[in-house]
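In: just the structure for this:
(chains A, B, C, D, E and F)
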Number of protein chains: 4
Amino acid sequence: MTATTPAEPGGRRGETRRKVYRAAVELIAEQGFTATTVDAIAERAGVAKGTVFYNFGSKEGLFSSLLAHGVGQLTDALSGAAAAAPRPGVAALDAVVLAQLRFFDEYGPFARVLVAEMWRTAWQEVVAGLREGALGVYQGVLDEAVAAGELREGLDTGTAATAIFGMVLTVAIERRALHPEQPLEEVHATLAGLIHGRITG
Amino acid sequence: MTATTPAEPGGRRGETRRKVYRAAVELIAEQGFTATTVDAIAERAGVAKGTVFYNFGSKEGLFSSLLAHGVGQLTDALSGAAAAAPRPGVAALDAVVLAQLRFFDEYGPFARVLVAEMWRTAWQEVVAGLREGALGVYQGVLDEAVAAGELREGLDTGTAATAIFGMVLTVAIERRALHPEQPLEEVHATLAGLIHGRITG
Amino acid sequence: MTATTPAEPGGRRGETRRKVYRAAVELIAEQGFTATTVDAIAERAGVAKGTVFYNFGSKEGLFSSLLAHGVGQLTDALSGAAAAAPRPGVAALDAVVLAQLRFFDEYGPFARVLVAEMWRTAWQEVVAGLREGALGVYQGVLDEAVAAGELREGLDTGTAATAIFGMVLTVAIERRALHPEQPLEEVHATLAGLIHGRITG
Amino acid sequence: MTATTPAEPGGRRGETRRKVYRAAVELIAEQGFTATTVDAIAERAGVAKGTVFYNFGSKEGLFSSLLAHGVGQLTDALSGAAAAAPRPGVAALDAVVLAQLRFFDEYGPFARVLVAEMWRTAWQEVVAGLREGALGVYQGVLDEAVAAGELREGLDTGTAATAIFGMVLTVAIERRALHPEQPLEEVHATLAGLIHGRITG
DNA sequence: CATGAATGAGATTTCATTCAT
DNA sequence: AATGAATGAAATCTCATTCAT
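Out: Now for the predicted structure:
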């Protein structure tokens, strides 16, 4: 079994991987990506340093596995919200925006890791997954809204999806860093207003 | 003259600083801050490694100087656009968005550096400058629009400013990376539509 | 049964040992002893890493066992050829040279291992075995030739044995690596000519 | 200047490289190739560990540079002996054999390194150099001897060159390891006898 | 008999920084 | 004002070996 093959979740190896994972996420939350050493991760996980390499092959391997996992969770959160929305179209869009806000509220460090490390060529694959996953959910919802006549025919839904995703991402990071006390609902209301045009009186 | 004193722009030292700036921005955009070595910066700039330290004191010093410089230029570009707009309010907002798109179209690597490194606690000072500068321009324009009755009373213009800035930043990066042939005006139209509510038919 | 006790050749254990032997010889021939990892040996042999240690105790143990095994086979091949020669002396010498060429033709990787690792102080015991075995055969044949008056009285048969052994070993490796198509008989004729003085017209 | 570019011999860097070189050769002589750590080399050379990497790029780089250097010296020694021989042909061959014996007598550790590490794919280039260099000298001398009628027409001088080189190499290593007190001249006499056919009475 | 996850000592390598020139 | 060789602390990574299953 190679170093990067995930083990069966229940076994001894799966347990180790989970411990290392959790330790890595916590430390990134505290100190950022590259400032986190494998030594520190191993110590916090309560395993030997070699064990990290045995299970993930390299520091890069660990982090790319981590990123992929986070992107997957984000995509799940967004598509879940889209599916659970009472009605498609703009109402679903609001739900997805709220889901994204909540996700980054809960996994704030992940948002920072995402924007800070997205550009490393080593992880282009992960970023591509983000595009197909999270941005895809946005674009799907927007396409439905266009089809339903809620948004104007001919809207560039690709660009609009990126725009909304980036808007929410930026606001979520800023809120966490500077106004953590501000209620999420308030922020959501402001963004929803911006997006579906009720910014004007 | 200390290491961090900027030299007169025309001299030999000013030229050296400019070469190092450009090399650093490009490399950091490609690989991120920590993955970029001073060796690589010096080599791409065509100077000796010692020269980087002679001029900027440290790697962090180079980077924060670089960020401050870029943020200053960005602020100038945005406030220039706001001031030159025929009318204040929403019209001015469109002009500022266009100016931001154009700025990042010209200085693409800087946009990536900004988005990637903006949130590191180490550089809070720079981020504060960004907030007072670029985000301030947005907030000022939005405040004027509220005062003029173009936007609804009570709008959280701080959050809205961050939202629009992040939206434009994200779209600018994505366009440069994936659709460089798409006309800037088209992108601008989509964003303007989103922002002032003409997204709906 | 201790880890270093050889098992009966036919059993499950004998089979495992043989697979590991073969894998180890090949890899060490390709990369050298220290560059070859137990991981790689186990993988190529198709067994678990623990199995190598269970059977051979240590990496060194595997290797010295492997060398001893190979040296024993080589000795058998050479002494068999000497015994089977129609006449003793120079004719027997030719037969032994041919046998050595044939042996290394069949077990090429072992020749490389031998030449590469023979001189390491760690394995003096094995080298002593080689000297008593394979070199002993050469020296015995040479002594007989001296006794028979075919070679001059006073010849340093120890040095001569080493010289001829090294010559054949080197040529065998070179042939395998660079001229595998060259008939063994041709090479043998050149060497035989060199050795018993018919190099001159 | 890249890490592998040799510096001008007189400068500061050249001096450092020479110190590291010398330390590396000494340590290899004592402990063998892979058992020698960069730490130990740096300490004996009296430089920081980083300096070794600054100058040679990697441990492999250091050793391959070392090997190439040794092969060059060996080639020079052999071709020098061939050129200085009073007469070409078999007399020159004797001189080359003596030169090879002397070289490995003086640089014994190098001979061991050579045979032990020749097979690493990283150094195939070096080995190719050996073939063209040292073996080339032997073949040239043999060809001349054939042309002069001293050796029989049609002799496979390529194989013969390899054979003689390997013979001398093996004997030189063996002598150094087991009979260092034996006079070089005696060994040379035995080999010379073997080679030009006076092995028989 | 065989396994393979875990280990940790010890190796190689990186790179921001200094300083004599 | 610029250089680049040298540094060394700190990082990443390797791998023979152990041991519970």
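In: quick one: the residue nearest the centre of chain A and A:Met167, what's the gap?
Out: Closest to where the C-alpha atoms of chain A average out (CA atoms, centre = their mean) is A:Leu74, at 4.2 Å. Applying CB to CB, to the nearest Å, the value for A:Leu74 to A:Met167 is 16 Å. (Glycine included, C-beta is placed from N, CA and C.)
In: helices and strands around the worst-scoring helix or strand of chain A on mean pLDDT, which ones?
Out: Among the helices and strands of chain A, helix A:108-117 carries the lowest confidence by mean pLDDT, DSSP states H and E, at a mean of 77. Contacts of helix A:108-117 with other secondary structure elements, assessed using 3 or more CB pairs under 8 Å, 6 or more residues apart in numbering or on different chains; DSSP states H and E, are made with helix A:12-31, helix A:59-84, helix A:157-178, helix B:108-117.
In: following that helix, which helix or strand shows up next?
Out: Where DSSP states H and E defines the elements, the next helix or strand beyond helix A:108-117 is helix A:124-130.
In: re earlier: contacts only, for the residue nearest to the centre of chain A.
Out: A:100, A:103, A:110, A:130, A:133-134 (CB atoms under 8 Å, 6 or more residues apart in numbering or on different chains).
In: surely A:Phe56 touches A:Ser65?
Out: Yes - proximity of A:Phe56 to A:Ser65 meets the contact threshold set by CB atoms under 8 Å, at 6.2 Å.
In: with neighbour numbers in mind, choose between these two.
Out: A:Phe56 (23 against 20; other CB atoms under 10 Å in any protein chain shown).
In: contacting residues for A:Ala42?
Out: Shown in contact with A:Ala42 (CB under 8 Å, 6+ apart): A:20, A:23, A:48-49, A:51-52.
In: for chain C, state which of the residues you listed is nearest.
Out: Nearest to chain C among the contacts of A:Ala42, counting by CB to the nearest CB, is A:Thr51 at 15.4 Å.
In: distance check, A:Ala99 against DNA strand F.
Out: Taking CB to the nearest atom of the strand, to the nearest Å as the measure, A:Ala99 falls 33 Å from DNA strand F.
In: which helix or strand contains that residue?
Out: Under the criterion of DSSP H and E, A:Ala99 resides in helix A:90-106.
In: that helix: which residues count as buried?
Out: By neighbour count, and taking 16 or more other CB atoms under 10 Å in any protein chain shown as the criterion, the buried residues in helix A:90-106 are A:90, A:92-101, A:103-104.
In: so can I have JSON lines of those residues showing pLDDT?
Out: Below are these laid out as JSON lines (pLDDT from 0 to 100):
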{"residue": "A:Val90", "pLDDT": "88"}
{"residue": "A:Ala92", "pLDDT": "94"}
{"residue": "A:Leu93", "pLDDT": "94"}
{"residue": "A:Asp94", "pLDDT": "94"}
{"residue": "A:Ala95", "pLDDT": "96"}
{"residue": "A:Val96", "pLDDT": "97"}
{"residue": "A:Val97", "pLDDT": "97"}
{"residue": "A:Leu98", "pLDDT": "97"}
{"residue": "A:Ala99", "pLDDT": "97"}
{"residue": "A:Gln100", "pLDDT": "97"}
{"residue": "A:Leu101", "pLDDT": "96"}
{"residue": "A:Phe103", "pLDDT": "94"}
{"residue": "A:Phe104", "pLDDT": "91"}
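In: for the residues you listed, which one is nearest chain B?
Out: A:Val90 (8.1 Å).
In: wait, what's in contact with A:Gly46?
Out: A:Gly46 makes contact with A:Lys19, according to CB under 8 Å, 6+ apart.
In: what's the answer for A:Leu142, then?
Out: The contact partners of A:Leu142, taken as CB under 8 Å, 6+ apart, are A:93, A:151, A:155, A:157, A:160-161.
In: then A:Ala161?
Out: Residues near A:Ala161 by CB under 8 Å, 6+ apart: A:135-136, A:138-139, A:142.
In: before we move on, the earlier item: put together JSON lines for the buried residues of helix A:90-106, with distance to chain B on each row.
Out: Listed next are the buried residues of helix A:90-106 as JSON lines, based on distance: CB to the nearest CB, whole Å:
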{"residue": "A:Val90", "distance to chain B": "8"}
{"residue": "A:Ala92", "distance to chain B": "15"}
{"residue": "A:Leu93", "distance to chain B": "10"}
{"residue": "A:Asp94", "distance to chain B": "13"}
{"residue": "A:Ala95", "distance to chain B": "17"}
{"residue": "A:Val96", "distance to chain B": "15"}
{"residue": "A:Val97", "distance to chain B": "11"}
{"residue": "A:Leu98", "distance to chain B": "14"}
{"residue": "A:Ala99", "distance to chain B": "17"}
{"residue": "A:Gln100", "distance to chain B": "12"}
{"residue": "A:Leu101", "distance to chain B": "11"}
{"residue": "A:Phe103", "distance to chain B": "16"}
{"residue": "A:Phe104", "distance to chain B": "12"}
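In: farthest-separated two in those residues?
Out: With CB to CB as the measure, no two of the buried residues of helix A:90-106 lie farther apart than A:Val90 and A:Phe104, at 21.6 Å.
In: check the offset of the helix or strand that contains A:Gly140 from the chain's centre.
Out: Using DSSP H and E, A:Gly140 maps to helix A:136-147. Using CA atoms, centre = their mean, to the nearest Å, the mean C-alpha position of helix A:136-147 is found 19 Å from that of the whole chain.
In: what's the answer for stretch A:62-76, then?
Out: For stretch A:62-76 - counting by CA atoms, centre = their mean - the centre lies 7 Å from the chain centre.
In: how about it: buried residues?
Out: Of the residues in stretch A:62-76, A:62-67, A:70-71, A:74-75 count as buried by neighbour count, 16+ other CB under 10 Å.
In: pLDDT and distance to DNA strand F for those - can I get that in JSON lines?
Out: Rendered in JSON lines, the data for the buried residues of stretch A:62-76 read as follows (pLDDT from 0 to 100; distance: CB to the nearest atom of the strand, whole Å):
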{"residue": "A:Leu62", "pLDDT": "92", "distance to DNA strand F": "8"}
{"residue": "A:Phe63", "pLDDT": "88", "distance to DNA strand F": "9"}
{"residue": "A:Ser64", "pLDDT": "86", "distance to DNA strand F": "12"}
{"residue": "A:Ser65", "pLDDT": "87", "distance to DNA strand F": "13"}
{"residue": "A:Leu66", "pLDDT": "87", "distance to DNA strand F": "13"}
{"residue": "A:Leu67", "pLDDT": "86", "distance to DNA strand F": "15"}
{"residue": "A:Gly70", "pLDDT": "87", "distance to DNA strand F": "19"}
{"residue": "A:Val71", "pLDDT": "89", "distance to DNA strand F": "21"}
{"residue": "A:Leu74", "pLDDT": "93", "distance to DNA strand F": "25"}
{"residue": "A:Thr75", "pLDDT": "95", "distance to DNA strand F": "27"}
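In: tell me the one of those residues nearest chain B?
Out: A:Phe63 (12.0 Å).
In: how about the contacts made by that closest one?
Out: Neighbour list for A:Phe63: A:24, A:33, A:117 [criterion: CB under 8 Å, 6+ apart].
In: okay but the last one is in contact with A:Trp123, surely?
Out: What that stands for is A:Glu117. Yes - assessed by CB under 8 Å, A:Glu117 is found in contact with A:Trp123 at 6.6 Å.
In: which residues are common contacts for the two?
Out: Overlap between the neighbourhoods of A:Glu117 and A:Trp123 consists of A:Leu67, taking contacts as CB under 8 Å, 6+ apart.
In: the two: which is more packed in?
Out: Here A:Glu117 and A:Trp123 are set side by side on neighbour count (other CB under 10 Å), and the busier one is A:Glu117, at 23 against 20.
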